[in-house]
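Engineer: Turn this into a model:
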Amino acid sequence: MTLALAYHRSGRGAPLVLVHGFPLDRTFWNPLLPFLRERFDCIVPDLRGFGESPAAEPGYGLEDMAADLSVLLTELGISAAFLAGHSMGGYIALAFARHFESQLLGLGLLGTQAAPDVPERRQIRYDTIAQVQRDGVKAVLGMAEKLTADPVRHAPTLHQIIQRQNPVGVMGALRAMAERSDSLPTLAALSVPVVIVHGMQDSLVPVERAREMKTALPAAHLLELPGVGHSPPCEAPEQTAQALLEGLL
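Structural biologist: So this is what the prediction gives:
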């Protein structure tokens with residue numbers, strides 16, 4: 001069952017859905033929006049269980065989260081849009097490409113990967129679910145420092161975003177990520193424009209995963225950002241926006 005998502009909309013031009021990562025909400029995109037609004041109609045939702053969107057009990061997959069976005073586009077009267085996803089948002093954008101290709105104009109993959117979790121990583125997510133069930137969202141507050149190569153500058157804002165999230169949404173997203181499938185075949189089959197932006201100091205998803213996606217789809221545009229960690233949209237917003245503008249339009 002799909003859920004109605006809270007969202008913000010601003011700008012003019014081609015429709016672009018910005019899909020936030022874990023465990024964040026749509027305000028994550030605020031640093032990037034000023035650089036996109038002149039050319040894109042930016043649709044910025046809170047994913048199910050995050051921000052102001054309703055939560056569902058864990059047991060859904062990334063495909064269900066992608067279906068929420070498909071319904072949102074239909075409700076807005078938009079037949080097809082560009083999607084840019086950060087981290088978990090990239091996993092969801094790839095699921096969207098797999099199941100709703102007719103609604104996809106192009107793809108931005110920011111600080112993310114197409115490969116599934118290895119067994120060790122999957123178990124860490126399940127262990128984190130148990131911690132969140134016991135301790136609430138404070139179990140994932142340490143993510144703030146891991147999301148950036150410059151925690152002094154960016155971690156306070158990220159910490160504020162994380163601490164206001166719904167534990168039910170956090171647990172649901174962890175399970176959905178743990179059980180996601182390999183999206184490399186989906187990526188390799190795409191005929192729409194694809195832009196990959198990755199921080200070279202990303203400690204959560206190594207830059208090699210971005211290069212792996214570029215190898216799967218040689219036509220994709222890859223931008224590697226030195227000195228940037230897991231969150232190019234807030235660590236290097238102008239460069240990230242320029243890559244999306246040049247690669248998608």
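
Engineer: Now the most centrally placed residue in the chain: closest residue in space, sequence neighbours ignored.
Structural biologist: The centroid of the chain falls nearest to residue 89 when counting by C-alpha atoms, centre = their mean (1.8 Å). Computed as C-beta to C-beta, 6 or more residues apart in numbering, the closest residue to residue 89 that is not its neighbour in sequence is residue 19, at 3.4 Å. Every residue, glycine included, has its C-beta placed from N, CA and C.

Engineer: isn't the residue nearest to the centre of the chain right up against residue 17?
Structural biologist: No: using C-beta atoms under 8 Å, residue 89 is not in contact with residue 17; the gap is 9.4 Å.

Engineer: pLDDT wise, what is residue 1 at?
Structural biologist: We have a pLDDT of 86 for residue 1.

Engineer: Now the closest residue to residue 62 other than its chain neighbours: phi and psi?
Structural biologist: Residue nearest to residue 62 in three dimensions, not counting chain neighbours: residue 95, with 4.3 Å by C-beta to C-beta, 6+ apart. Residue 95 has phi and psi values of phi -60, psi -40 when expressed as degrees, to the nearest 10.

Engineer: Is the residue nearest to the centre of the chain in a helix, a strand, or coil?
Structural biologist: Put simply, residue 89 is helix when judged by DSSP: H, G, I helix; E, B strand; the rest coil.

Engineer: Do a quick rundown of the helices in this structure.
Structural biologist: Under the criterion DSSP state H, helices of the chain are mapped to 62-75, 88-99, 119-135, 143-146, 151-163, 167-178, 184-188, 207-216, 232-235, 237-248.

Engineer: Could you pull out the buried residues of the fifth one?
Structural biologist: Think helix 151-163. The neighbour-count check on helix 151-163 (16 or more other C-beta atoms under 10 Å) flags 154-155, 157-159, 161-162 as buried.

Engineer: Specify which member of these is nearest to residue 71.
Structural biologist: residue 161 (24.7 Å; C-beta to C-beta).

Engineer: was I right about the closest one contacting residue 27?
Structural biologist: Yes: at 6.0 Å, residue 161 counts as touching residue 27 under the criterion of C-beta under 8 Å.

Engineer: What are the buried residues along stretch 7-23?
Structural biologist: Neighbour counts using 16+ other C-beta under 10 Å place 7-8, 11, 14-23 of stretch 7-23 among the buried residues.

Engineer: how close does residue 72 sit to residue 207?
Structural biologist: Using C-beta to C-beta, to the nearest Å, residue 72 is found at 31 Å from residue 207.
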